[in-house]
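**Student:** Starting from these lines, generate the structure:
(one chain, ligands or ions: 1)
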Amino acid sequence: MAESVILKNITKKYRMYETKGQQIADLIFPGKKGSSFNAIENITFSVEEGDVVGLVGINGSGKSTLSNIIGGLVPPTSGELIVNGEVNVIAIQSGLNNALTGAENIEFKCLLMGYSKEKIKEVMPEIIEFSELGDFIYQPVKQYSSGMKSKLGFAISVTANPDILVIDEALSVGDQTFTDKSLAKMLEYKKQGKTIFFVSHNLSQVRNFCTKIAWIEGGRLREFGPTNVVMRNYMAFLKDYNKLTPAKQKEFRDQLAKQRKHK
Ligand SMILES: Nc1ncnc2c1ncn2[C@@H]1O[C@H](COP(=O)(O)OP(=O)(O)OP(=O)(O)O)[C@@H](O)[C@H]1O
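**Tutor:** Modelled structure (predicted):
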């Protein structure tokens with residue numbers, strides 16, 4: 001199998017400030033004020049065509065940052081990312097323009113993907129039908145619920161038929177029927193040998209759907225491997241973590257955060 005996505009020592013740093021004044025001072029004297037926070041640190045793994053990779057980890061571990069980097073939405077601070085093919089990200093905040101209607105967003109995204117006016121006319125009814133939004137498609141997206149936004153983003157992306165698909169929690173906000181329909185579409189993609197990254201807190205979806213899992217903890221890759229192996233270890237970790245008191249859980253998260261913070 002050919003390698004589809006290769007990550008080599010990918011790091012994403014953000015500057016963090018305690019006050020607005022610090023932020024302004026840092027603009028004038030870069031690096032003097034505030035601290036640096038590693039949202040993602042030294043992540044290395046590679047994925048083959050046809051792999052469906054679940055990204056798991058507790059809140060704030062860095063899953064969305066990593067999926068946005070893979071999707072080309074966020075540049076890494078350092079490291080090398082090789083993506084062989086066209087990639088599309090579906091997230092709850094999926095880059096839709098709130099001022100435009102659903103239909104205008106479809107048109108806009110299709111134009112960005114290089115579709116001709118004729119092609120857009122052809123795919124428009126298909127996308128509207130998949131989205132299940134009915135007449136809401138002519139309403140501005142700012143009036144949509146997060147589930148409706150996710151449906152629209154999903155419908156556009158599956159019609160775009162990318163080689164690599166990144167799905168960030170987009171299936172957790174829709175209703176069950178839509179989620180089932182979307183999972184069926186994903187299975188079709190999986191059968192076609194497309195590469196999929198799947199961020200979800202729904203572990204039974206991850207178990208049923210993913211062939212591999214990347215477990216992210218405190219911005220670092222704790223484990224990468226076949227679903228059955230990593231899922232077993234992650235579940236054991238969660239069982240222990242959930243047994244901790246809220247104060248002990250916070251202590252654990254604070255300890256991880258401390259390791260990510262640098263001057
Ligand atoms: N633009 C940003 N500026 C500063 N910090 C950021 C930024 N984006 C993310 N972070 C920080 O990076 C860390 C990882 O965030 P990320 O959203 O990737 O985690 P996640 O695993 O997707 O979390 P969740 O499960 O809660 O969605 C968090 O501590 C977050 O506060």
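
**Student:** Which parts of this structure are strands?
**Tutor:** Assigned by DSSP state E, the chain shows strands spanning 3-16, 35-48, 52-56, 78-83, 87-91, 164-168, 195-199, 212-217, 220-226, 261-262.

**Student:** Out of those strands, name the one with the poorest average pLDDT.
**Tutor:** Sorting those by mean pLDDT places strand 87-91 lowest, at a mean of 79.

**Student:** how far off strand 3-16 does it point, in degrees?
**Tutor:** 50 degrees (axes from the mean of the first three to the mean of the last three CA atoms, to 10 degrees).

**Student:** Within range of the ligand, give me the residues from this structure.
**Tutor:** 14, 37, 39, 57, 59, 60, 61, 62, 63, 64, 65 (CB under 6 Å from any ligand atom). Using the backbone N, CA and C atoms, a C-beta is placed for each residue, glycine as well.

**Student:** Make JSON lines out of these and add neighbour count.
**Tutor:** Listed next are those as JSON lines, based on neighbours: other CB atoms under 10 Å:
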{"residue": "14", "neighbour count": "14"}
{"residue": "37", "neighbour count": "16"}
{"residue": "39", "neighbour count": "21"}
{"residue": "57", "neighbour count": "23"}
{"residue": "59", "neighbour count": "7"}
{"residue": "60", "neighbour count": "16"}
{"residue": "61", "neighbour count": "22"}
{"residue": "62", "neighbour count": "23"}
{"residue": "63", "neighbour count": "24"}
{"residue": "64", "neighbour count": "20"}
{"residue": "65", "neighbour count": "22"}
